[in-house]
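>>> let's see this in three dimensions:
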Amino acid sequence: MLLRRRVDPRRLDHLATELSRRGVTLRLEVDVRPLWGTSPRFAVNVLRVGIVLFDRDPAARQRREAGIMVAWLDFAPTWVRMRDRMFARWTHG
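I've put the predicted structure just below:
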């Protein structure tokens with residue numbers, strides 16, 4: 001869900017409940033998570049696996065998605081190094 005500003009967590013819970021209630025007839029699992037302040041890894045995964053149900057402002061969504069992708073591309077080399085070091089530690093002790 002792309003919102004113009006931060007939303008109170010209780011409001012997000014209400015939105016998630018309402019969307020889930022309506023989605024039951026479509027057999028959709030609806031998960032609402034705020035993207036403001038989340039890690040680039042989480043945000044880019046939302047773009048990868050998320051589904052757009054309604055798009056009121058396509059230009060705003062595209063700008064936000066582009067910003068998320070730029071943040072991920074900036075962070076990706078760091079993520080790969082961290083992941084490789086952790087795998088090496090798990091593999092070799």
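
>>> not counting its neighbours along the chain, what's nearest V46?
L35 (6.5 Å; CB to CB, 6 or more residues apart in numbering). Just so you know, the C-beta spots here come from the backbone N, C-alpha and C atoms, and that holds for glycine as well.

>>> next, count neighbours for the one you found.
If you count neighbours by other CB atoms under 10 Å, L35 ends up with 15.

>>> helix or strand: which one has it?
Using DSSP states H and E, L35 is not contained in any helix or strand.

>>> which residues does it contact?
2, 42-43, 46, 64, 68 (CB atoms under 8 Å, 6 or more residues apart in numbering).

>>> pLDDT check: weakest of those?
Ranked by pLDDT, those bottom out at L2 (56).

>>> which strand or helix spans N45?
Here N45 sits within helix 40-49, counting by DSSP H and E.

>>> just the helices in this structure please.
For the chain, the helices defined by DSSP state H cover 9-23, 40-49, 58-92.

>>> now render those as TSV, adding mean neighbour count and distance to V30.
Listed next are these as TSV, based on neighbours: other CB atoms under 10 Å; distance: least, CB to CB, whole Å:
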stretch	mean neighbour count	distance to V30
helix 9-23	13	4
helix 40-49	14	13
helix 58-92	12	18
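
>>> in JSON lines: those helices, plus distance to E29.
Formatted as JSON lines, these follow (distance: least, CB to CB, whole Å):
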{"stretch": "helix 9-23", "distance to E29": "7"}
{"stretch": "helix 40-49", "distance to E29": "12"}
{"stretch": "helix 58-92", "distance to E29": "21"}
